[in-house]
Structures are given as C-alpha cells and as structure tokens.
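Peer 1: Predicted model and sequence follow; I will ask about them next.
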Amino acid sequence: MSRATRRAFLRATGIGLVAGSVSRTLPADAQAEGAGAAVDDMVLIPAGTFIMGTTQSQADELAARHGYHVSWFSGEVPTREIELPAYRIDRFPVTCTQYADFCKATGHAPPMGWRAGSPPERLADHPVTSVNRADARAYAAWAGKRLPTEAQWEKAARGENGLIFPWGDEFDPDACQFRRDPLAPAPGTAPVAAHPTGASPYGVMDMVGNVLEWCEDSPGPGAGFLKGGCYLFEEIVNLRAASRIMSGFDNNPLAFYGFRCVREVA
C-alpha cells in the first residue's frame, strides 16, 4: 500500500507498528533429513544458529531508498544470532480444506462467509483467512502442533544466513502473491503452491505475500506478531522476511490473516 494510505489502513485493521541474489526452487533433496524432510507435509529445520533481524546500516539504506523514517525498521534492528533446537514447520500455510476438516471434526466455528461450514470450492487450496490467533491455536492443538515463534518462522523463511527474501536477496515478482498495481483492486489470495520459485532454503513455501501469518509470541498483551506480508502489499520493503512492522489484536480475524504450524522434534 502507498505511504499516503498506510495510516488509515493501520487504523482500520487494528494493526500496529512494533518495534547478491540466489534464485531458489524446491530443493531436489528436500526429502533428505536435515534438508527439508517431509513429515505430515512438514519440513525439518535443523538445530543451529541463524541470523535474525536487520543491521542498522541496512535499515538506514532501506529507509532512504523507500522513503521511510528509519524508525519503521526499529523492531528488526540489530541483527542477532539466535540458536534454536530442531523443529518441523508446515511446508505450506494451512489451507481452507484443512481448516474445514478441523471445523467439522471439532465443531469449531468456520470463518465468516463459509456456507454450511465449507469454503468456496475455488478456495480449497488457498490459505485459510479470517482467523484470529485463538482460531489458529485451536487448529494447531487439534493437529498436535502449535504456532511458530517469530524466530522459528524467520529461520524457516530466511535460512541460516539471513536472506532478505526466502528465495534470495533480490525481489522476484513471480515468487509471491502481492499487489503489483496499487491502482488496481487487490488480487486476493492464491493457491499455496502457486509460486514454486518462492521456496526458502529449506523448501518452505509461500512465506512472503499471500497472507500474513500468526506467530505464538507477541509485542504485548492482547496482540500477536504477524509475519510475511500479504496480497494487499505492493511495497517490497514490507515483503521482506525480516519485516516486523505488523502486529494484530488477538481477536481480529481479518481477510488477510492466516497461519502455519510447527511441531517439536523428539
């Protein structure tokens, strides 16, 4: 969205401000342990350290290039080396079909707009939307999983060395679902597998654009971190994997909020 409309957008949605290209496709060895092993369509993220956040010099450069005040990046600065144990993360965001199975099995209320508890057929393989953080947590518990922490989400998206985007350090407009034309209507969601060149170094898909994804941790009471940008965004600076501008009220189920889950490795 343009800077001129950002403040109105933040007010309307309850979102608050909080403090060398490498082209990648799904790895050929994505089934190998330690390089994207699939378990229940999940990807193994190996134990170890990774670089999280943004350097001050990068923030200064981004602010100057895109016409932002440097405080827009304050939540990302400085970079820090984070160590995480191994975990598995959903390869794709939770789809409407998967969420419908959960609602039918548990009696959980479906998202608004679904008829007879089912999503429109055309959205079956799109990420579920209009879910608040309690909805996402309930699904995760039913599936024997949980929501990722911000650090887990960011490592899965950026790899160990802190790529700017999941696929590399240069933006690829074909690698994610975003708003290409700010004067045209927003494109809406896309199927979760629609952008194969957007794979992260571990083979995790659709982590930038499409829908913002709930995290387990938060900037404060009653809110949760949301990562990855969404189909409403046209400003590339806000589609970076490190971007930390978005937080949402826990109980706010908006049409561009989705999620994916993680599971611990025994």
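Peer 2: Sure, I can see it.
Peer 1: burial measure for residue 57, as a count.
Peer 2: For residue 57, the neighbour count with other Cβ atoms under 10 Å is 9. C-beta: built from backbone N, CA, C; applies to glycine.
Peer 1: actually residue 170, not the one I wrote
Peer 2: Around residue 170 there are 11 other residues, counting by other Cβ under 10 Å.
Peer 1: And it, how close does it get to residue 240?
Peer 2: From residue 170 across to residue 240, the span is 12 Å (Cβ to Cβ, to the nearest Å).
Peer 1: same question, residue 184
Peer 2: From residue 184 over to residue 240 (counting by Cβ to Cβ), the distance is 23 Å.
Peer 1: ok, those two, which is more surrounded?
Peer 2: Ranked by neighbour count (other Cβ under 10 Å), residue 184 and residue 240 place residue 240 first, with 25 against 9.
Peer 1: Return the residues in contact with the closest residue to residue 241 other than its chain neighbours.
Peer 2: Sequence neighbours aside, residue 157 is the residue nearest to residue 241 in space, at 4.1 Å (criterion: Cβ to Cβ, 6 or more residues apart in numbering). By Cβ atoms under 8 Å, 6 or more residues apart in numbering, the contact list for residue 157 reads 166, 200, 204, 207-208, 227-228, 241.
Peer 1: For these, please prepare CSV with the additional fields secondary structure, neighbour count and distance to residue 93.
Peer 2: Shown next, in CSV, are the contacts of residue 157 (DSSP: H, G, I helix; E, B strand; the rest coil; neighbours: other Cβ atoms under 10 Å; distance: Cβ to Cβ, whole Å):
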residue, secondary structure, neighbour count, distance to residue 93
166, coil, 29, 13
200, coil, 28, 13
204, coil, 26, 10
207, coil, 27, 9
208, coil, 29, 11
227, strand, 21, 11
228, coil, 28, 9
241, coil, 24, 15
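Peer 1: between these, which is closest to residue 138?
Peer 2: residue 227 (19.9 Å; Cβ to Cβ).
Peer 1: and for residue 170 and residue 240, which residues touch both?
Peer 2: Common contact partners of residue 170 and residue 240 (Cβ under 8 Å, 6+ apart): residue 164.
Peer 1: before we move on, the earlier item: separation between the residue nearest to residue 241 and residue 54?
Peer 2: 14 Å.
Peer 1: Also residue 95?
Peer 2: Taking Cβ to Cβ, one finds residue 95 at 31 Å from residue 54.
Peer 1: Those two: who's more crowded?
Peer 2: Between residue 95 and residue 54, counted using other Cβ under 10 Å, the more crowded position is residue 54 (24 against 21).
Peer 1: Excluding chain neighbours, what is closest to that one?
Peer 2: Using Cβ to Cβ, 6+ apart, the closest residue to residue 54 is residue 76 (3.9 Å).
Peer 1: Tell me the spacing between the one you found and residue 56.
Peer 2: 10 Å.
Peer 1: Could you export stretch 122-135 as PDB, CA atoms only?
Peer 2: Presented in PDB, the C-alpha positions along stretch 122-135 are these (Å, rounded to 0.1, in the frame of the first residue of the first chain):
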ATOM      1  CA  ARG A 122     -12.400 -22.300  -5.800                       C
ATOM      2  CA  LEU A 123     -10.600 -21.500  -2.500                       C
ATOM      3  CA  ALA A 124     -10.000 -25.100  -1.400                       C
ATOM      4  CA  ASP A 125      -6.200 -25.000  -1.800                       C
ATOM      5  CA  HIS A 126      -5.900 -21.300  -0.800                       C
ATOM      6  CA  PRO A 127      -4.700 -20.400   2.700                       C
ATOM      7  CA  VAL A 128      -7.500 -20.100   5.200                       C
ATOM      8  CA  THR A 129      -8.100 -16.500   6.200                       C
ATOM      9  CA  SER A 130     -10.400 -14.600   8.600                       C
ATOM     10  CA  VAL A 131      -9.000 -16.500  11.500                       C
ATOM     11  CA  ASN A 132      -7.800 -14.800  14.800                       C
ATOM     12  CA  ARG A 133      -5.000 -16.200  16.900                       C
ATOM     13  CA  ALA A 134      -7.300 -18.200  19.100                       C
ATOM     14  CA  ASP A 135      -8.600 -19.900  16.000                       C
END
